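In: pasting the sequence and the predicted coordinates here, then a few questions.
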Amino acid sequence: MSRVDRTPALTTTSFAILGLLAIRPWTTYELAVQMERTLNRVWPRARSRLYEEPKKLVAHGLAEAARETVGRRPRTVYTITEEGRRALAEWLRTPGAGPSLEFEQNLKLFFADFGTRDDALAQLEAAREWATAQLEVFVTAARDYVEDRGPFPQRLAVTSPGARFLVDFYDLVDRWAAWASTIVQGWPEDPSQAEPTLEVDQYILRLAEERARRPGGDAAVPAPDLAPHQVSGP
């Protein structure tokens, strides 16, 4: 009877850790910190889920573990193997999946008719505060690179395109929440009594059609000419 292979399967998170090991050797703690500092913006994972990944890579022969001592404290340092570099290169050749969005504030807005108008406005204000906070953190990190203080400056050419996405995304959330707030402010206190506004739905449809025709460009669809609280486009 053949022996069942119980080695845990590799996941996208496994390859994210493998990619970090391709930059330099790390301890498990250092890998978790580096994930939180960088990759968590596009691939968020709880720290507790990261600690098993280096061991999994070792089990697959993609990394090696070496015991070291710092003072009196032992630690394990993980290093990518040549097989690991080949596996990473193969993973990079395969097109990845698109974004999977989790947005609790928008989720709560979807059920706004079971709450109050002020509840909905509070969700949108929280979304704007989140976007502002993310941008402020990003500005600090980006300034470090511009002023030649950021870690791994030799990788800046390949990390810059992804950084632009984050800036656009945070700005998108802020602009959308500002626009949605102007709509919600026109609702009655009980959102279930709000009347549908055909002009807004037509505007969103035209916006989607225009952007579908011009992917990657700025839509040229004018905002609907409504009451003062509904004139802004995202």
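Out: Happy to help now that I have it. Residues are numbered from 1 along each chain as shown.
In: show me the domain layout of this structure.
Out: 12-93, 104-195 (automatic domain parsing).
In: ok, which of those domains comes nearest residue 212?
Out: For residue 212, the closest of these is domain 104-195, at 16.9 Å, according to CB to CB. To be clear about C-beta, it is placed using only N, CA and C from the backbone, and glycine gets the same treatment.
In: and that closest one, how far out from the chain middle?
Out: Here domain 104-195 is found 12 Å from its chain centre; the criterion is CA atoms, centre = their mean, to the nearest Å.
In: ok, residue 137 - contacts?
Out: Going by CB atoms under 8 Å, 6 or more residues apart in numbering, residue 137 touches no other residue.
In: which helix or strand contains it?
Out: For residue 137, the host element (DSSP states H and E) is helix 117-146.
In: please apply the same query to residue 68.
Out: strand 63-70.
In: whichever helix or strand comes after that strand: which residues count as buried?
Out: Following strand 63-70 in sequence order, the next helix or strand is strand 73-80 (DSSP H and E). Using 16 or more other CB atoms under 10 Å as the test for burial, strand 73-80 gives 77, 78, 79, 80.
In: stretch 8-23 now?
Out: Buried, per 16+ other CB under 10 Å, within stretch 8-23: 10, 13, 14, 15, 16, 17, 18, 20, 21.
In: can you map out the helices along the chain?
Out: 12-23, 28-37, 47-50, 53-59, 82-93, 104-110, 117-146, 156-184, 198-213 (DSSP state H).
In: reformat those helices as a markdown table; add distance to residue 73 and mean pLDDT.
Out: Compiled in a markdown table, the helices of the chain are given as follows (distance: least, CB to CB, whole Å; pLDDT from 0 to 100):
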| stretch | distance to residue 73 | mean pLDDT |
| --- | --- | --- |
| helix 12-23 | 21 | 97 |
| helix 28-37 | 11 | 94 |
| helix 47-50 | 19 | 90 |
| helix 53-59 | 18 | 97 |
| helix 82-93 | 26 | 98 |
| helix 104-110 | 39 | 97 |
| helix 117-146 | 29 | 96 |
| helix 156-184 | 32 | 96 |
| helix 198-213 | 54 | 92 |
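In: right, and the ones you listed - which one's nearest residue 72?
Out: Using CB to CB, the helices of the chain put helix 28-37 closest to residue 72, at 16.7 Å.
In: any residues touching the closest one, and which ones?
Out: Outside helix 28-37, the residues touching it (CB under 8 Å, 6+ apart) are 16-17, 20-21, 26, 43, 45, 47, 50-51, 53-54, 75-76, 78.
In: same check, this time on stretch 60-72
Out: 7, 10, 18, 21, 54-55, 57-58, 74-81, 83-84, 87-88.
In: before we move on, the earlier item: adding distance to residue 191, write the helices of the chain out as CSV.
Out: Formatted as CSV, the helices of the chain follow (distance: least, CB to CB, whole Å):
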stretch, distance to residue 191
helix 12-23, 38
helix 28-37, 37
helix 47-50, 37
helix 53-59, 44
helix 82-93, 46
helix 104-110, 10
helix 117-146, 6
helix 156-184, 8
helix 198-213, 14
